[in-house]
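> next come a sequence and a model predicted from it.
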Amino acid sequence: MTLDDTSNRSLLLVHGRDFKPVEEAYMDLSMAAIRAGIERDFPSQLDSFDNMQKSSAWYGDLNAEILLACGKNYDERLDIGDRRNALTALREVGIRKKFGIRQYDQLPGKSAVPEAIVDVLAPVLGAIGFFLQLIGLMCRDFARYFDHKSDYATKVRQRLRDRLCELLDRGDRIVLISHGTGSVVAYDVLWQLSHDPDFKEKYGDKKIEVWLTLGAPLGDSSIRKRLLGAKEKPSTKFPVNVIAWHNVSAEDDYTCHDNTCADDFKMMMQQRVVSAVHDYRVFNLAVRYGKSNPHSSIGYYIHPRTSKILADWLRVSDMESTPKYTF
């Protein structure tokens with residue numbers, strides 16, 4: 001984690017499920033990917049990015065505890081090395097126009113089958129009550145998040161909430177980036193700060209300027225039914241502390257098989273609790289362990305769409321921080 005006092009702008013990163021390298025290594029690789037994308041497409045915003053504060057809500061140890069107990073194995077050095085290799089290859093894609101379907105179709109092991117299977121099974125199993133069993137087969141740690149007998153969700157939310165509240169208490173201008181199932185954690189924490197009596201009085205009026213979700217499963221109807229606030233009346237159903245929400249989904253990423261959020265959360269717009277919800281469909285060019293991985297965080301972080309969203313926010317916040325009048 002880096003907390004730099006030269007700027008009141010903060011980037012807070014939330015990872016998703018599965019094993020993760022230690023926090024320092026994960027942040028180093030993630031920030032290197034994001035920085036590489038900005039340097040490639042918006043070099044004039046590089047200084048602003050370098051000067052902003054960067055931190056993470058890391059809970060990889062909680063994921064590992066569940067996965068290791070299920071008999072899974074993890075080689076951290078190999079994982080870090082493969083992430084570095086993926087980043088090195090993506091850095092060689094020198095112009096944004098090459099992050100398209102032509103390059104994606106040439107990736108080794110590219111397949112639309114996993115997303116297609118989830119597209120078919122998720123609605124059916126959700127309708128007959130077997131959604132959690134499907135999640136349990138594919139994502140043991142994420143399934144635990146919805147298990148009310150476990151304290152995993154409580155611990156994960158607290159990790160993010162503590163870090164986010166620290167930034168809000170300082171009055172920082174915040175861009176919140178959540179990858180994969182970390183977007184569910186982020187949504188729930190944003191709802192808690194908006195409506196939970198334990199937090200509403202202090203944080204209910206504070207805002208996140210940009211929330212960027214990458215490969216998020218929030219469009220899935222079974223997931224939405226389990227979000228905090230899902231059963232509340234319309235006035236308290238959604239978070240009210242996000243100004244702009246940008247949702248980026250990659251082709252063939254089964255985690256975000258329902259790849260749009262603007263339609264599912266349009267009531268947020270109708271109630272004027274968010275200024276905008278934008279959806280973007282992209283191609284994730286990451287290759288992990290010799291095979292296309294459209295859910296890879298590295299591929300999302302370095303993508304031109306991510307770079308543009310961040311550069312636009314940095315540019316606007318630069319303008320707003322410049323005095324308009326002199327006397």
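Sure, I can see it.

> low-confidence regions, the stretch 101-250 of the chain specifically.
For the stretch 101-250 of the chain, the stretches flagged by pLDDT under 70 are 112-138.

> please enumerate the strands of it.
Applying DSSP state E, counting those that start in this stretch to the stretch 101-250 of the chain gives strands spanning 173-179, 208-214, 242-250.

> which of these sits closest to Q106?
strand 242-250 (15.7 Å; C-beta to C-beta). Every residue, glycine included, has its C-beta placed from N, CA and C.

> each with direction, which strands does the closest one pair with?
Using DSSP bridges, the strands paired with strand 242-250 are strand 208-214 (parallel), strand 276-282 (parallel).

> dump it to PDB, keeping only the CA atoms.
What follows is strand 242-250, C-alpha atoms only, in PDB (Å, rounded to 0.1, in the frame of the first residue of the first chain):
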ATOM      1  CA  VAL A 242     -21.500   6.800  -6.100                       C
ATOM      2  CA  ILE A 243     -21.400   9.700  -8.600                       C
ATOM      3  CA  ALA A 244     -20.500   7.700 -11.700                       C
ATOM      4  CA  TRP A 245     -20.400   3.900 -12.200                       C
ATOM      5  CA  HIS A 246     -18.500   2.400 -15.100                       C
ATOM      6  CA  ASN A 247     -18.900  -1.300 -15.800                       C
ATOM      7  CA  VAL A 248     -16.400  -3.000 -18.100                       C
ATOM      8  CA  SER A 249     -17.000  -6.600 -19.200                       C
ATOM      9  CA  ALA A 250     -14.800  -8.800 -21.400                       C
END
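
> after that strand, next one along is what?
helix 266-270 (DSSP states H and E).

> list the contacts of that next one.
With C-beta atoms under 8 Å, 6 or more residues apart in numbering as the test, helix 266-270 has contacts from 234, 237-238, 262, 274, 276-277.

> repeat that with 7 Å
234, 238, 274, 277 (C-beta atoms under 7 Å, 6 or more residues apart in numbering).

> next one: stretch 139-146 to chain centre, how far?
17 Å (C-alpha atoms, centre = their mean, to the nearest Å).

> which residues are in contact with that stretch?
In contact with stretch 139-146 (C-beta under 7 Å, 6+ apart) are residues 17-18, 63, 66-67, 70, 132, 135-136, 150, 152-153, 156, 181, 226.

> equivalent analysis for stretch 274-292, please.
So stretch 274-292 is contacted by 82, 86, 89-90, 93, 99-101, 103-104, 107-110, 242-251, 253, 259-262, 265, 268-269, 293-294, 296, 298-300, 303, 305 (C-beta under 7 Å, 6+ apart).

> what comes up buried for that stretch?
Buried residues in stretch 274-292, counted by 16 or more other C-beta atoms under 10 Å: 274, 277, 279-280, 282-288, 292.

> what does stretch 217-225 give?
Buried, per 16+ other C-beta under 10 Å, within stretch 217-225: 217-220, 222-224.

> cool, and stretch 99-112?
Counting neighbours by 16+ other C-beta under 10 Å, stretch 99-112 gives 99, 104, 107, 110 as buried.

> pipe those into TSV and attach distance to E23 per row.
Shown next, in TSV, are the buried residues of stretch 99-112 (distance: C-beta to C-beta, whole Å):
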residue	distance to E23
F99	28
Y104	31
L107	29
K110	31
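
> between the residues you listed, which is nearest A57?
F99 (27.5 Å).

> is it true that that closest one touches P304?
Yes: the criterion here is C-beta atoms under 7 Å, and F99 meets it with P304 at 5.3 Å.

> need the contacts of helix 266-270 in JSON lines (columns: distance to E201).
Output for those, formatted as JSON lines (distance: C-beta to C-beta, whole Å):
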{"residue": "P234", "distance to E201": "22"}
{"residue": "F238", "distance to E201": "19"}
{"residue": "V274", "distance to E201": "21"}
{"residue": "V277", "distance to E201": "27"}
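
> sitting in helices, which of those do you find?
The members of the contacts of helix 266-270 all map outside helices under DSSP state H.

> thinking again about what came up before, of the contacts of stretch 274-292, grab the buried ones for ChimeraX.
Buried members of those, defined by 16+ other C-beta under 10 Å, are picked up in ChimeraX with:
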select :82,86,90,93,99,104,107,110,242,244,245,246,247,248,249,250,251,253,259,260,261,265,268,293,294,296,298,299,300,303,305
